[in-house]
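A.B. asks: Show me how the following folds:
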Amino acid sequence: MSSPPAVEAPESPAPGAEPVTLVIADDHRVVRTGLRLLLETEAGFEVVAEADDVPSARRYVGAHRPSVLVLDLNMPGEPSLPAIPTLREETPETQIVVLTMQDDPAFAREALKAGAVGFVLKRSAEDELVEAVRLAARGESYLNPQLGVRLAVEPPPGPPDGLSEEEVEILRLVALGHTNAEIGERLFLSGRTVETHRIKLQRKLGLDTRAELVRYVLDCGLLER
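C.D. replies: Predicted structure coming up:
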């Protein structure tokens, strides 16, 4: 009589190893609850706080100094992507794994360039998040395999005709969530001038909303410039 197949046990931490502490940042409570259950089934993983927006994520990361922050890109209020460099500067010992619905390679490239070490799609979280967190805690990177292939084989589109370098940079920074004042500081312009440029650009490109502007920037590959 054959023996039943062996069930692979979760990877155990080395004796005396420090626990991998985590902060989860997502604006949906049910998602946070599911992520906590998923992560805390792993030996040596400990969720120390949950945040529902970027400011609270920064507070909890600053207070707990976790090994890893699991960060949703799409939360209300302050955008997540531009906050990554600030989080890394404030708490360099905390690695960041982005967890998102956004399967556009441009978002992955920008998140990794900003300082995240992991990029996981929510639809693949059950299969990939634990491994991404484990690697991040060791200072190693993880990228969703499908996105990795697309990043390797899909060259970004060129810039749209008729836009100056300054206009492209304004579009990029608006799409990344920067305010007019922040964009003005970077480009040595007043906030009012930036607002005027943005309005003219939206009219020129036939875009009515900020969401349409962001989609245009992604479709044109401007985040990757």
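A.B. asks: What number of residues are in the vicinity of residue 107?
C.D. replies: Residue 107 has 20 neighbours, counted by other Cβ atoms under 10 Å. For glycine as for every other residue, the C-beta is placed from the backbone atoms N, C-alpha and C.
A.B. asks: ugh, typo on my part, it should be residue 219
C.D. replies: 12.
A.B. asks: One more: the one 3 residues further on?
C.D. replies: When neighbours are counted by other Cβ under 10 Å, residue 222 registers 22.
A.B. asks: Could you do residue 57 as well?
C.D. replies: Other residues close to residue 57 by other Cβ under 10 Å number 27.
A.B. asks: Adjust the sequence numbering to begin at 797 for everything that follows.
C.D. replies: From this message on, residue numbering opens at 797, which makes the last subject residue 853.
A.B. asks: how about it, what does it touch?
C.D. replies: Each residue near residue 853 by Cβ atoms under 8 Å, 6 or more residues apart in numbering is listed here: 819, 821, 847, 865, 867, 879, 883.
A.B. asks: so is the first one in a helix, a strand, or just coil?
C.D. replies: Judged by DSSP: H, G, I helix; E, B strand; the rest coil, the three-state class of residue 819 is strand.
A.B. asks: That one reaches residue 859, doesn't it?
C.D. replies: No: if you go by Cβ atoms under 8 Å, residue 819 and residue 859 don't touch, sitting 9.2 Å apart.
A.B. asks: Could you check which of these two is surrounded by more residues?
C.D. replies: residue 819 (27 against 12).
A.B. asks: Show me what that one is bridged to.
C.D. replies: Using DSSP bridges, the bridge partners assigned to residue 819 are residue 845, residue 865.
A.B. asks: For residue 914, see how far away it is.
C.D. replies: According to Cβ to Cβ, to the nearest Å, residue 819 and residue 914 sit 14 Å apart.
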